[in-house]
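Enquirer: 3D, please:
(2 chains)
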2 protein chains.
Amino acid sequence: MKLGIIGLGLIGGSMAIDLKKRGFADEVIGSTRTAVSAAAAGKIGLVDRVVDNDTCIDEADVIVVAVPAGVAVKLLPYILDRFEKQEKESGEPCSKIVIDVCSTKEHIMRSVHYHRMRRRYVSTHPMAGTEYSGPWAAIPGLFDGRACIFCNIEDSDPAAVRTIEKLYDTLNMRPLYMNSSNHDVHTAYVSHISHVTSFALALTVLDKEKDEKHIFDLASGGFSSTVRLAKSNDAMWVPILTQNRDNVLHVIDTYIEKMKQFRDAIDNCDEEQIGELIREANKIKRIIR
Amino acid sequence: MKLGIIGLGLIGGSMAIDLKKRGFADEVIGSTRTAVSAAAAGKIGLVDRVVDNDTCIDEADVIVVAVPAGVAVKLLPYILDRFEKQEKESGEPCSKIVIDVCSTKEHIMRSVHYHRMRRRYVSTHPMAGTEYSGPWAAIPGLFDGRACIFCNIEDSDPAAVRTIEKLYDTLNMRPLYMNSSNHDVHTAYVSHISHVTSFALALTVLDKEKDEKHIFDLASGGFSSTVRLAKSNDAMWVPILTQNRDNVLHVIDTYIEKMKQFRDAIDNCDEEQIGELIREANKIKRIIR
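Expert: Numbering: from 1, shown residues only, chains lettered A, B, ... in the order given. This next block holds a predicted model:
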């Protein structure tokens, strides 16, 4: 089995490392958008060969699209077009599979929903990552023990789904199944809002603390962990926030409302109310270790 | 030298462990408010003896007040009163020192500003912690490499300040010096707001995800680290947020403003503006590793 990975950043690169090492693929090829990333991926040895997108699509049995959601939404139809062309030219039914690993699903799903080769596509979201990006951010074991969401598997070929289940099983991920609409609601709440709150926190503190030395000196571990996600890059997050716009707006509105409850309680020095809000928030302990 | 620690929780307990082990004190005694904590502190062996507050104050050469800010504000004048009484009874000038370790400074400072024994008090804030509390949360090495703020040292006896500098040097902390008003502004920005944003995030997600299983399944590392501080307890945080009310309100207002900028950019699907906000927030990279 030949695996092709388009996008050799944090996610694509980390997949390449483990899927090769753990024997899921005999050969792993990959492509990446910039010459710098290509050179880095080659030097680090993430893949056996760095190729161009079309070679990756034409040669690989399983293609992983690990690019920002804004690129994936255009690339997926292109890949399915190419599958179709290859099928016509060869006269053989296409057995290739393409998956994406993006953090938004509904928008991307719509881009291929009526494609004749739709069943060759499996929609997945491995819930793992760090705040870093690029080939140099790729690490072994990134996915171990985390959840991977499969969306709308009824629209994909069952054998193709089984192959991809095996791929994520090799990465030691727990599979979860839901439709793309539920996926986007849940990720807005447990992932996208965390990024927005971190970005806003970074902007707030940077705005105030012009003398950056003080932030560095005073930043406790608590601040560092709360603001960590603000290091996440725009290429990845701009399309996520726009593609999942409605859900994200809804969560932001709830969030601002909660923040205002806090603000009012502090403004009134209402110790009872502040305490109640904190004790309610503490319930997150039951859920997050 | 005999060290007395009032409050054997995360901070007091962790201090007890390292100051005893590293030889700063020959004997460490401590008191704690509840019978449960006293029993736990004794069982864990945080201190040589668990005593009551008055014994701790009367016997120890250096007394660390490691209780929530709301308790400290009443306890500090009481301790200085007791120093004064002891001085009168013995006819010898008091050589005892008391310090507090609270996260707000101006309010506490005011409570003893005109006390005749003010110079026996050194105001400090070791910037270290975890989201856990109680004697069972105490750990060795908690303070290593972190910053400790000394406030208004000109109001304390110079020899007392030197002793306390040695205490924090034993804990491997970097000393920083500022007045209590600046302290409260800076900590509002780099610590207090992080807690408020985490509390609000927890409330938002708990509000939505009634089916808690999904939060647990989907929570990526990013969400967990952003919401971590929401586990912090109300006994500690209610007085901090009320004592530092004006600064905290100011930061919350800036924060809500930044959040609304994000909201508007997402609402308008203004990719350029979202990207700009993210790239600006990314500058936190230069400051926080």
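
Enquirer: correct me, but A:Asn152 touches A:Ser123?
Expert: Yes: between A:Asn152 and A:Ser123 there is a contact under Cβ atoms under 8 Å: 6.1 Å. All C-beta spots, glycine's among them, are computed from the backbone N, C-alpha and C.

Enquirer: for these two, indicate the residue with more neighbours.
Expert: Counting neighbours by other Cβ atoms under 10 Å in any protein chain shown for A:Asn152 and for A:Ser123 shows that A:Ser123 has the greater number, 26 against 20.

Enquirer: ok, and the closest non-adjacent residue to the more buried one?
Expert: On the basis of Cβ to Cβ, 6 or more residues apart in numbering or on different chains, the spatially nearest residue to A:Ser123 that is not a chain neighbour turns out to be A:Cys151, at 4.2 Å.

Enquirer: do you know how far the one you found is from A:Ile11?
Expert: Distance of A:Cys151 to A:Ile11, computed by Cβ to Cβ, to the nearest Å: 17 Å.

Enquirer: got phi/psi on A:Tyr121?
Expert: phi -110, psi 130 (degrees, to the nearest 10).

Enquirer: can you report how many residues neighbour it?
Expert: Neighbours of A:Tyr121 (other Cβ under 10 Å): 27.

Enquirer: the residue nearest to it when sequence neighbours are not counted sits in which helix or strand?
Expert: Using Cβ to Cβ, 6+ apart and skipping the chain neighbours, the partner closest in space to A:Tyr121 is A:Val98 (5.3 Å). Assigning secondary structure by DSSP states H and E places A:Val98 in strand A:97-100.

Enquirer: re earlier: need the residues touching each of A:Asn152 and A:Ser123.
Expert: A:Met109, A:Ser180 (Cβ atoms under 8 Å, 6 or more residues apart in numbering or on different chains).

Enquirer: can you show me the helices along chain A?
Expert: Listed in chain order, the helices found in chain A under DSSP state H are A:10-21, A:35-44, A:53-59, A:69-90, A:106-112, A:158-170, A:180-187, A:193-208, A:212-218, A:221-227, A:234-243, A:245-267, A:271-281.

Enquirer: just the endpoints, please. Distance across stretch A:119-129?
Expert: From the first residue to the last, stretch A:119-129 extends over 28 Å; the measure is Cα to Cα, to the nearest Å.

Enquirer: quick one: buried residues of that stretch?
Expert: Residues of stretch A:119-129 classed as buried: A:Arg119, A:Arg120, A:Tyr121, A:Val122, A:Ser123, A:Thr124, A:His125, A:Pro126, A:Met127, A:Ala128, A:Gly129 (neighbour count, 16 or more other Cβ atoms under 10 Å in any protein chain shown).

Enquirer: repeat that for stretch A:62-76.
Expert: Counting neighbours by 16+ other Cβ under 10 Å, one finds that the buried residues in stretch A:62-76 are A:62-73, A:75-76.

Enquirer: how far is it from where the chain is centred?
Expert: Chain-centre distance of stretch A:62-76: 11 Å, with Cα atoms, centre = their mean, to the nearest Å.

Enquirer: stretch A:267-284 too?
Expert: 34 Å.

Enquirer: how about that stretch: buried residues?
Expert: Of the residues in stretch A:267-284, A:Glu271, A:Gln273, A:Ile274, A:Gly275, A:Leu277, A:Ile278, A:Glu280, A:Ala281, A:Asn282, A:Ile284 count as buried by neighbour count, 16+ other Cβ under 10 Å.

Enquirer: which residue, neighbours along the chain excluded, lies closest to the last one?
Expert: Spatial nearest neighbour of A:Ile284, chain neighbours left out: B:Ala202 (4.1 Å); criterion: Cβ to Cβ, 6+ apart.

Enquirer: let me know the pLDDT of the one you found.
Expert: Reading off the confidence values, B:Ala202 has pLDDT 93.

Enquirer: circling back: which one of the buried residues of stretch A:119-129 is nearest chain B?
Expert: Within the buried residues of stretch A:119-129, proximity to chain B (Cβ to the nearest Cβ) peaks at A:Met127, which comes in at 4.8 Å.

Enquirer: that closest one contacts A:Ser191, doesn't it?
Expert: Yes: between A:Met127 and A:Ser191 there is a contact at 7.5 Å, judged by Cβ under 8 Å.

Enquirer: that older thread, what's the closest of the helices of chain A to A:Lys2?
Expert: Proximity to A:Lys2 (Cβ to Cβ) singles out helix A:53-59 among the helices of chain A, at 6.1 Å.

Enquirer: would you mark the buried spots in the closest one?
Expert: Neighbour counts using 16+ other Cβ under 10 Å place A:Asn53, A:Cys56, A:Ile57, A:Asp58 of helix A:53-59 among the buried residues.

Enquirer: want to try CSV for these, with pLDDT and distance to A:Asp157 as columns?
Expert: What follows is the buried residues of helix A:53-59, written out as CSV (pLDDT from 0 to 100; distance: Cβ to Cβ, whole Å):
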residue, pLDDT, distance to A:Asp157
A:Asn53, 97, 23
A:Cys56, 98, 21
A:Ile57, 98, 18
A:Asp58, 97, 20
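
Enquirer: skipping its backbone neighbours, what lies nearest A:Ser225 in space?
Expert: For A:Ser225, the closest residue by Cβ to Cβ, 6+ apart turns out to be B:Ser225, at 4.4 Å.

Enquirer: tell me the spacing between A:Ile108 and A:His125.
Expert: As judged by Cβ to Cβ, A:Ile108 and A:His125 stand 10 Å apart.

Enquirer: low pLDDT regions in the stretch 151-289 of chain A?
Expert: A:211-213, A:216, A:220, A:289 (pLDDT under 70).

Enquirer: kindly recompute the last result at 80.
Expert: Counting by pLDDT under 80, the stretch 151-289 of chain A contains low-confidence ranges at A:209-221, A:287-289.

Enquirer: quick check on A:Asp157: phi, psi?
Expert: Dihedral angles phi and psi of A:Asp157 (degrees, to the nearest 10) take the values phi -60, psi 130.

Enquirer: tell me the contacts of the spatially closest residue to it that is not a sequence neighbour?
Expert: On the basis of Cβ to Cβ, 6+ apart, the spatially nearest residue to A:Asp157 that is not a chain neighbour turns out to be A:Arg119, at 4.3 Å. Taking Cβ under 8 Å, 6+ apart, we find A:Arg119 in contact with A:Asp155, A:Ser156, A:Asp157, A:Ala160.

Enquirer: isn't the last one right up against A:Val98?
Expert: The reference is to A:Ala160. No: in terms of Cβ under 8 Å, A:Ala160 does not count as a neighbour of A:Val98; the distance is 9.2 Å.

Enquirer: any shared contact partners between these two?
Expert: Shared contacts of A:Ala160 and A:Val98, defined by Cβ under 8 Å, 6+ apart, are found at A:Arg120, A:Val122.

Enquirer: neighbour count winner among the two?
Expert: Under the criterion of other Cβ under 10 Å, the comparison of A:Ala160 against A:Val98 puts A:Val98 first, with 26 against 20.

Enquirer: please name the bridge partners of the more buried one.
Expert: Beta-bridge pairing of A:Val98 under DSSP bridges involves A:Ile63, A:Tyr121.
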